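K.L.:
test case, fold it:
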Amino acid sequence: MLWNLLIVTCFFTAVGSAWDAMAGVPMTLRGHILTAVIGAVIGAACAFAMWWVGETIGTRASKLQSQSQQKWLIHAIFASSIFWISLAAVLGRWASLTVLRLI
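P.N.:
Just a heads-up that it's a prediction; the model follows:
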């Protein structure tokens, strides 16, 4: 359940950072929609990647015999969520600013 919450947080972090990038920039409705779509696409990509890595490593962890190795891998999966959420924030803001400069 916690992992799903972190995945949703990853998605909305990208959307929020893309939306935040347009603060102070005069925008039309088309620009607002484009920014939201950019954030949603990047958020979905990062959330999917986060889910896939969690599934892959979680499956490997469940096959291990050692409880300490299983715990270590599960802790590593949760620690990696910081990377994915940060990446979603940076990419959402960067892509949004890049597109806003072009239009």
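K.L.:
Gly58: what's it in contact with?
P.N.:
Gly58 makes contact with Leu73, Ile74, Ile77, according to CB atoms under 8 Å, 6 or more residues apart in numbering. C-beta: built from backbone N, CA, C; applies to glycine.
K.L.:
surely the last one is in contact with Thr56?
P.N.:
Pointing back at Ile77 there. No: between Ile77 and Thr56 there is no contact under CB atoms under 8 Å: 9.5 Å.
K.L.:
which one's more surrounded, those two?
P.N.:
Ile77 (19 against 11; other CB atoms under 10 Å).
K.L.:
elements contacting the host helix or strand of that one?
P.N.:
Per DSSP states H and E, Ile77 falls inside helix 67-102. Other helices and strands packing on helix 67-102, by 3 or more CB pairs under 8 Å, 6 or more residues apart in numbering; DSSP states H and E, are helix 2-21, helix 29-63.
K.L.:
can you list the ones you listed in TSV and add mean pLDDT and distance to Ala89?
P.N.:
Formatted as TSV, the helices and strands packed on helix 67-102 follow (pLDDT from 0 to 100; distance: least, CB to CB, whole Å):
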stretch	mean pLDDT	distance to Ala89
helix 2-21	93	4
helix 29-63	91	9
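K.L.:
before I go, just wanted to say thanks for your time.
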